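**Q** Give me a 3D structure for the following:
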Amino acid sequence: MGNSVEIDWEQGTVTAERKLRSSGNSTVLTIPEEVYQSIGLQEGHQVEIVADKNDDVIRIQSVDESTGSD
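**A** Alright, predicted model coming up:
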C-alpha cells in the first residue's frame, strides 16, 4: 500500500498505511487528509487516542468540543 489512501465507499472506510517516525523526543504519525476529513475533522479539532492492547488496535476519535473536554 505504501503512502496510498484506499477509499471503499461501499464499506464506508478510508484506509492508509503510514510509518512512525521520530521528531525530537516524540514519535510522529501523519494522518492523510482523506482519513480525517472522512469523519468531519479539520486541522485544529480535538481528538482522543485510545490504545487497546487486548485487540492490538489504536483508535483515534473526535472529541465533542462542546463539552469542553481537553
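**Q** where do the strands sit along this protein?
**A** Using DSSP state E, the strands of the chain run over residues 5-8, 13-16, 21-23, 26-28, 47-52, 57-62.
**Q** which secondary structure elements does the last one contact?
**A** The helices and strands touching strand 57-62, judged by 3 or more Cβ pairs under 8 Å, 6 or more residues apart in numbering; DSSP states H and E, are strand 47-52. Yep, even glycine has a C-beta here, placed from its N, CA and C like the rest.
**Q** centroid residue for this protein?
**A** I60 (4.9 Å; Cα atoms, centre = their mean).
**Q** In contact with that one, which residues?
**A** I31, V47, E48, I49, V50 (Cβ atoms under 8 Å, 6 or more residues apart in numbering).
**Q** what about burial for those, which qualify?
**A** Applying 16 or more other Cβ atoms under 10 Å to the contacts of I60, the neighbour count classes none of them as buried.
**Q** farthest-separated two in these?
**A** Farthest pair in the contacts of I60 (Cβ to Cβ) is I31 and V50. Separation: 15.2 Å.
**Q** Quick check: the gap between V57 and V50.
**A** 8 Å (Cβ to Cβ, to the nearest Å).
**Q** Neighbours of the closest residue to T30 other than its chain neighbours, how many?
**A** Spatial nearest neighbour of T30, excluding adjacent residues (Cβ to Cβ, 6 or more residues apart in numbering): R18 at 5.7 Å. When neighbours are counted by other Cβ atoms under 10 Å, R18 registers 15.
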